[in-house]
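K.L.:
Give me the fold of what follows.
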Amino acid sequence: MQLIKPDINIDFMGKQKFAFILSAILLIISISSLVVHRGPNYGIDFIGGTLVQIKFSESAPIEKIRNALANIGIKEASVQNVGHEQDNEYLIRTTGSEMTDSGLSQSLIKAIQASTGVVPEIRRMEVVGPQVGDDLKNKALLALFYSILFMMIYISARFENKLLLSALTAGAIMTVVYFLSVFNAGIGILILAALIVSLLVFWIFKLKYAIGAVIALIHDVMMIIGVFSVLNLEFSIQVNAALLTIIGFSVNDTIVIFDRARENIKKADPSESLSNIFNKSINETLSRTILTSGTVLIVVLALFFLGGEIIHNFAFAMLIGIISGTYSTVYIASPIVLAVEKK
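P.N.:
Predicted coordinates for the structure are as follows:
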C-alpha cells in the first residue's frame, strides 16, 4: 500500500513564518491563562480532597444533591453529570477536609436520599489528605524534572554525536540545580533552570539540532498545560503521566526527521540550500510520520470516547500531545535549526 507518493514535494519550510505566528499566539494564550489561574488547576491527587461518583436509578436534580451536601457541612463542592444525562451519574468533588472521615459514605447516602428521595449507589470514592496530595505533587514535578534532565543529556549526545558535550551539559545543569537547591528553590524553578542552561550550552557550542529539539519539547509541554489551563480541566497524576509520555513521543518523532536530514546533507549538492534539504527530508519521512501518529491517535481516540471518566483527561492530554508533537517536529524543530544555522 502506497500511502504517500514518492515524488511528493510539499513546501513545509515555506510556511514556517505562519507556523511561528500561530505557535506564538497559542503560547501567549497558554501563559496568560496560567497567570490568571495562578498555575494549573490541580486535581485532588495534588491538593487533597475527596472525589465521589454516584449513580441514581432515576433522575435527581443537581441542586438537591448540593443541598444534601450542605446539610452535612459540605458547602463548597463541585457536582457535575458524568456521561449522558439519562445515565443519572454524578461526580462530587471537594478540596475540603470535612469529607475525609470514615463514615462519609453512609452520611452521604442518607443525606442525598433525604434530599432527593432516591437512594444513590456509590460507584467510586477517592480520599486524599492534604499532606499526601502535596507529596504526590512534588514527586510528579520531580519525575518531570528528571525526565527533562535526562532528555537534555540524550538530545545533546544523540543529535550531535558529541558525548563530551553531553557530559558538559549534564554537569552544567546539575551545578545550577545544586546552587538553586541551596536556596530552597521550588521544583518548577529547577525545571526552568535546566531548560535555560541546556539551551545556553547548546547555543554556545552551536548544537543546532539539539536547540531545535529542546524548543519543540518546550512547545509541546506548554501546549498541553496551556489547553488544560484555558479549559480549566484538572491536572492530575494521569495527566502528568501523559505529559511524560509525550516528551518521549515528541523527541522520537524529531529524531526521525533530523536523522534523514543529516543523511541528505552528506549526499546533497553543496549549492543546495538547507531549507530544500529539510523539505526533502520531511517529505521522505511523511508516510512514516502519518502512520506512526495516526495509529497512536486511533488508540487515544478510542480511550477518549470509550475509556470512561477515570482516564478521560489522560486521553485528552495524549490527544493534544500527539497533534502538537507531530506539528512541532515539522514546523518548530526544523525551522529552528534553519534559523540557528543562519545565525
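K.L.:
need the helix or strand of this protein with the lowest average pLDDT.
P.N.:
Least confident helix or strand of the chain, by mean pLDDT, DSSP states H and E, is helix 130-160 with a mean of 75.
K.L.:
Next, count neighbours for the residue nearest to I72 when sequence neighbours are not counted.
P.N.:
Closest residue to I72 apart from its sequence neighbours, by C-beta to C-beta, 6 or more residues apart in numbering: A111 at 4.8 Å. Placement of C-beta: from N, CA and C, glycine included. Applying other C-beta atoms under 10 Å, we find 20 residues neighbouring A111.
K.L.:
show me what contacts A111?
P.N.:
A111 makes contacts with 68-69, 71-72, as judged by C-beta atoms under 8 Å, 6 or more residues apart in numbering.
K.L.:
If we use 10 Å, what do you get?
P.N.:
Contacts of A111 were listed using C-beta atoms under 10 Å, 6 or more residues apart in numbering, and they are 65, 67-74, 120.
K.L.:
quick one: which of those residues sit in helices?
P.N.:
65, 67-71 (DSSP state H).
K.L.:
quick one on the thing from earlier: make sure the residue nearest to I72 is indeed in a strand.
P.N.:
No: read with DSSP: H, G, I helix; E, B strand; the rest coil, A111 is helix and lies in no strand.
K.L.:
quick one: pLDDT of it?
P.N.:
According to the prediction, A111 has pLDDT 86.
K.L.:
where's it relative to I92, distance?
P.N.:
11 Å (C-beta to C-beta, to the nearest Å).
K.L.:
intersection of neighbour lists for the two?
P.N.:
Going by C-beta under 10 Å, 6+ apart, residues that sit against A111 and also against I92 are 65, 68-69, 74, 120.
K.L.:
List just the nearest of these to G129.
P.N.:
I74 (16.4 Å; C-beta to C-beta).
K.L.:
Would you agree the closest one is in contact with I112?
P.N.:
No: counting by C-beta atoms under 10 Å, I112 is not a contact partner of I74; they are 11.1 Å apart.
K.L.:
Out of these two, name the residue with the larger neighbour count.
P.N.:
I112 (26 against 20).
K.L.:
Make sure the more buried one is actually in contact with V118.
P.N.:
Yes: counting by C-beta under 10 Å, I112 touches V118, with 7.7 Å between them.
K.L.:
residues shared between the contacts of these two?
P.N.:
56, 60, 64.
K.L.:
Next, count neighbours for the first one.
P.N.:
It refers to F56. Applying other C-beta under 10 Å, we find 17 residues neighbouring F56.
K.L.:
Which per-residue confidence value corresponds to it?
P.N.:
At F56, pLDDT is 87.
K.L.:
what residues are up against it?
P.N.:
F56 neighbours (C-beta under 10 Å, 6+ apart): 65, 87-90, 112, 116, 118-121.
K.L.:
I65 now?
P.N.:
54, 56, 77, 79, 90, 92, 108, 111-112, 115-116, 120.
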